[in-house]
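Undergrad: sequence plus the predicted model coming up.
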Amino acid sequence: MTLLGPKIVAARAVGGLARRAGRGGGTSLPGKLLVGLDRHAIGELAGRLPDGCAVVSATNGKTTTAAMTASVLKRRGLRLVHNRAGSNMTGGVASALLDAAGPGGEIEGQLGLFEVDEFWLGRLVAELRPRAILLSNLFRDQLDRYGELEATADRWAVMMASLPANTTLVLNADDPLIGDLGRVSSGTEARVRYYGIEDSSVAAAQMQHAADSKHCRRCGHLYRYEAIYLGHLGVYECENCGGRRPTPSVAAEHIRLEGTRTASFELRCPRGRARVALPLPGLYNVYNALGAAALCLELGTGLDAVAEGLEVVTAAFGRAERLAIGPVEVAILLMKNPAGANEILRTLALEGGELDVLAVLNDGVADGRDVSWIWDADFELLQGRARRITCAGRRAGELAVRLKYAGLPTERLRVITSLPEALDAALAGASSERLYVLPTYTALLELRHELAARGHTEPFWR
Amino acid sequence: MPDPRLRVLALYPDLMNIYADRGNLLLLERRCAWRGIGFSLLGAGLGDLLDPEAADLYYIGGGQDRDQRLCAYDLAEHKGEALHEAAARGAVVLAVCGGYQLLGRSYQLAGETLPGVGLLDCNTVRTEDGAVLGSGDRLIGNVAIEVQLERMAEPQVLAGFENHGGRTHLGPAARPLGKVLRGLGNNGNDGLEGGRAGKVIGTYLHGPLLPKNVWFADWLIATAIGADEPLAPLDDRLERLAHLEARRAAGI
């Protein structure tokens, strides 16, 4: 442990150089170096946090959910160590700890709050030994990188079985893959808390095409859904084996979705009820807020403080983030998999009038090299709603083909592969004074660099 | 329905659809509609019987391991015979990824051998178990193959994405669909991709395959409806761009 100090100094020095040089990966590089020097550095540093740490994982909404949790906890005066830029594998978590570490390895901060990539969850939980783990959803995502959904759920189940007694699991009851993890963990001492939506007025008429895990995790029989809220999330029951959605103790009721800007709901928990007005749109953000609320309540926050903290949350990097470029208001909505893209498209469809959209599809490792997912996303939702869609990125042509086959008139589509040129064209043509930018992950990074170069925003890691 | 018409039957559309297989079906549907060719789409799920006369093109996509296993037994038990009859009367059978594996003789997993339909003379073997990230055991990446099909004057390129744990080896009665230009193909060793026997075609190329290769979508339509003349051309500027992007991603 006494040797950790020099390693921290070394990792930080090299990471700082890379960062100043403006190299990509600036958020995770110092941490990678530190773990390379000491593979248990994460565990050692996290062990020095007086209030321990909490972990958030999911396919969709990790960054926003963690940002919401941070918003609530910071208002309580808690000093957090948080990987807020969304760098969520070993390097990113280690970097956040490194940033908070003094030269001797002492930690400046009380509580660790980490969003963790679904594939790395087991390994990072073993190091971090969190007091609370929030698991909110599993969707089909980047099959070339993560493999099948069932395989991820199986890995999580293995992790569950070895959790120590003082861990609390905060689970989304509405996702059958997550809800069932509570059953797996019953062999251990870990405590389980469930949250979920209880409002049939926001249920979808039918299951979306890309929905996964329609079959009972225990017996393989088709679930019967009483309500479907989002993807395969809803109120489900297996008529064969009796497996069913656990009853949530923290719930969102009386939900109101208000276009592309806001949403509100009534937060119900054993301690009472509070109305929450979110400054973020869509049912997916209601889920994010609900998960954050359940986690914060579990971490000892009062109900009113939870509601107040959620109401002042600001959009996480590229997640419904807004900025003004000249007369045009630009909203940036990261899209990375069918379920996430569908929620964005569903939210866009709530907006009146015809939309100007810049959609950017890249096929880097962080985007998923396999772009097949765009054919699972319901771009049909944009039928009759788009004034102009500019397609950019390395796979701009395929994205345009997807939109064409989704029924959008080709005269409303244009392909400009280069992101800066596409951005100029989209801004110039945005007669509606609002431009929705839908980038994949590496496209989001490029976009931020481009905007920063134009003086519109700071690079996100500062 | 107008004549000519294309009748498509998707096998297990809600289980074998993991790599956005609906994109392939959508391509067939729209390209028929734009040409005034009638189109109908049927589905057959677990336990359903299959009508060998019901369709001109039978489609089966890829699925998660558990779903693929369910379908393997169902296919062998309830549908295999009808699928043989359909192929024998000249229907097109297109199988992608996991579906391709099930068209062969068998699919050997670590603890179990799944039955195949035996429409293609090939066997698939898998040696690893599930994990993907950081594992070199799966064959994953962009892929481009060269194919020579009937009624096509010159060899053509199919470009797509592959992601499979199974290694497929063709027997003497099956021809490959094409030879690998870039990527891994059937097993990463013999430079061959896919399998063919008449109008029965299996391939590992997804992504989905047809939006990236509309010339192949048209060839399938023409073959399935038995068109005497070439199909009417369409404005394929965007589609050509998508094809070039997929080729470039594969490195050609």
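TA: Looks like it came in fine. Residues are numbered from 1 along each chain as shown, chains lettered A, B, ... in the order given.

Undergrad: around chain A, which positions in chain B sit nearby?
TA: The interface of chain B toward chain A, taken as C-beta under 8 Å from any C-beta of the partner chain, is made up of B:14, B:18-20, B:22-23, B:26-27, B:30, B:64-67, B:70, B:130-133, B:138, B:140-142, B:161, B:163, B:206-208, B:211-212, B:235, B:238-242, B:244-246, B:249. Quick note: C-beta positions are derived from backbone N, CA and C, even for glycine.

Undergrad: quick check: ChimeraX command selecting the buried ones in these.
TA: Remark: buried members of the residues of chain B next to chain A, expressed as a ChimeraX selection using 16 or more other C-beta atoms under 10 Å in any protein chain shown:
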select /B:14,18,19,20,22,23,26,27,30,64,65,67,70,130,132,138,140,141,142,161,163,206,207,208,211,212,238,239,241,242,245,246,249
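
Undergrad: among the residues of chain B next to chain A, which are located in helices?
TA: Using DSSP state H, B:22-23, B:26-27, B:30, B:65-67, B:70, B:211-212, B:238-242, B:244-246, B:249 are the members of those that sit in helices.

Undergrad: so where's the stretch 101-250 of chain A shaky on pLDDT?
TA: Flagging of the stretch 101-250 of chain A using pLDDT under 70 yields the residue ranges A:144-147, A:184-189, A:208-213.

Undergrad: next up, the contacts around residue 193.
TA: Just going to use chain A. For residue A:193, the contacting residues are A:168-171, A:249-250, A:294, A:298, by C-beta atoms under 8 Å, 6 or more residues apart in numbering or on different chains.

Undergrad: try chain B instead
TA: B:143, B:145, B:176-180, B:183, B:185-186, B:203-205.

Undergrad: tell me the spacing between the residue nearest to residue A:315 when sequence neighbours are not counted and residue B:75.
TA: Using C-beta to C-beta, 6 or more residues apart in numbering or on different chains and skipping residues adjacent in sequence, the residue nearest residue A:315 is residue A:321, 4.3 Å away. Using C-beta to C-beta, to the nearest Å, one gets 47 Å for the distance from residue A:321 to residue B:75.

Undergrad: how about residue B:158?
TA: Using C-beta to C-beta, residue B:158 is found at 25 Å from residue B:75.

Undergrad: ok, now residue A:111?
TA: From residue A:111 across to residue B:75, the span is 53 Å (C-beta to C-beta).

Undergrad: cool, residue A:447 as well?
TA: Per C-beta to C-beta, residue A:447 is found 46 Å from residue B:75.

Undergrad: kindly report the same for residue A:244.
TA: Counting by C-beta to C-beta, the gap from residue A:244 to residue B:75 is 31 Å.

Undergrad: who has more neighbours, the two?
TA: Between residue A:244 and residue B:75, residue B:75 has the larger neighbour count (other C-beta atoms under 10 Å in any protein chain shown), namely 26 against 18.

Undergrad: least trustworthy helix or strand in chain B by mean pLDDT?
TA: Lowest on mean pLDDT, DSSP states H and E among the helices and strands of chain B sits helix B:65-74, with a mean of 91.

Undergrad: and that one, what other elements does it pack with?
TA: Helix B:65-74 sits against helix A:149-160, helix B:98-103, strand B:113-115, with contacts defined as 3 or more C-beta pairs under 8 Å, 6 or more residues apart in numbering or on different chains; DSSP states H and E.

Undergrad: can you list the strands that the shortest one pairs with?
TA: For strand B:113-115, the paired strands and their directions (DSSP bridges) read strand B:106-108 (antiparallel).

Undergrad: for the strand it pairs with, buried residues please.
TA: For strand B:106-108, the neighbour count (16+ other C-beta under 10 Å) marks B:106-107 as buried.

Undergrad: just stretch A:426-441 next, same as before
TA: Neighbour-count burial for stretch A:426-441, counted by 16+ other C-beta under 10 Å, picks out A:426-427, A:429-430, A:432, A:434-441.

Undergrad: which of these sit farthest apart?
TA: Farthest-apart pair in the buried residues of stretch A:426-441 is A:432 and A:441; separation 26.3 Å (C-beta to C-beta).

Undergrad: element containing the closest residue to residue A:307 other than its chain neighbours?
TA: For residue A:307, ignoring the flanking residues on the chain, the nearest one in space by C-beta to C-beta, 6+ apart is residue A:274 at 4.0 Å. Following DSSP states H and E, one finds residue A:274 within strand A:272-278.

Undergrad: let's see that strand as CSV, backbone CA atoms only.
TA: The C-alpha coordinates for strand A:272-278 follow below in CSV (Å, rounded to 0.1, in the frame of the first residue of the first chain):
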residue,chain,number,x,y,z
GLY,A,272,-44.4,8.7,1.3
ARG,A,273,-44.9,10.4,-2.1
ALA,A,274,-43.4,13.3,-3.9
ARG,A,275,-44.1,14.9,-7.3
VAL,A,276,-40.9,15.0,-9.5
ALA,A,277,-40.6,17.4,-12.4
LEU,A,278,-37.7,16.3,-14.5
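
Undergrad: tell me the centre residue of chain A?
TA: Closest to where the C-alpha atoms of chain A average out (C-alpha atoms, centre = their mean) is residue A:61, at 2.1 Å.

Undergrad: not counting residues beside it along the chain, what's closest to that residue?
TA: Spatial nearest neighbour of residue A:61, chain neighbours left out: residue A:288 (4.4 Å); criterion: C-beta to C-beta, 6+ apart.

Undergrad: what number of residues lie near that neighbour?
TA: 31.

Undergrad: contacting residues for it?
TA: The contact partners of residue A:288, taken as C-beta under 8 Å, 6+ apart, are A:61, A:64-65, A:68, A:136, A:280.

Undergrad: on the three-state scheme, it is what?
TA: helix (DSSP: H, G, I helix; E, B strand; the rest coil).

Undergrad: my reading is that the residue nearest to residue A:315 is in a strand; is that accurate?
TA: Yes. Residue A:321 forms part of a strand when assessed by three-state DSSP.

Undergrad: beta partners of the spatially closest residue to residue B:69 that is not a sequence neighbour?
TA: Leaving aside its chain neighbours, residue B:69 sits nearest to residue B:114 (6.2 Å; criterion: C-beta to C-beta, 6+ apart). Taking DSSP bridges as the rule, residue B:114 bridges to residue B:107.

Undergrad: let me know whether residue B:114 touches residue B:73 as I believe.
TA: Yes. With contacts counted by C-beta atoms under 8 Å, residue B:114 reaches residue B:73, the gap being 7.4 Å.

Undergrad: neighbour-wise, which of the two wins?
TA: More neighbours surround residue B:114 than the other of residue B:114 and residue B:73, with 21 against 12 (other C-beta under 10 Å).

Undergrad: for chain B, what are the nearby residues on chain A?
TA: With the criterion set to C-beta under 8 Å from any C-beta, chain A comes near chain B through A:119, A:140, A:143-151, A:154, A:209, A:214-215, A:220, A:338, A:363, A:369-376, A:394-398, A:400-402, A:404-405, A:410, A:413, A:415.

Undergrad: residue B:181: what's it in contact with?
TA: Shown in contact with residue B:181 (C-beta under 8 Å, 6+ apart): B:144-146, B:157, B:250, B:252.

Undergrad: how near is it to chain A?
TA: According to C-beta to the nearest C-beta, to the nearest Å, residue B:181 and chain A sit 18 Å apart.

Undergrad: in a strand, that residue, correct?
TA: Yes. Assignment of residue B:181 by three-state DSSP places it within a strand.

Undergrad: span of stretch A:101-114 from start to end?
TA: 16 Å (C-alpha to C-alpha, to the nearest Å).

Undergrad: ok, residues contacting that stretch?
TA: Residues from elsewhere that reach stretch A:101-114 (C-beta under 8 Å, 6+ apart): A:1, A:4-5, A:8-9, A:44-46, A:48-56, A:66, A:69-70, A:73, A:78-83, A:88, A:93, A:96-97, A:100, A:124, A:128, A:130, A:299.
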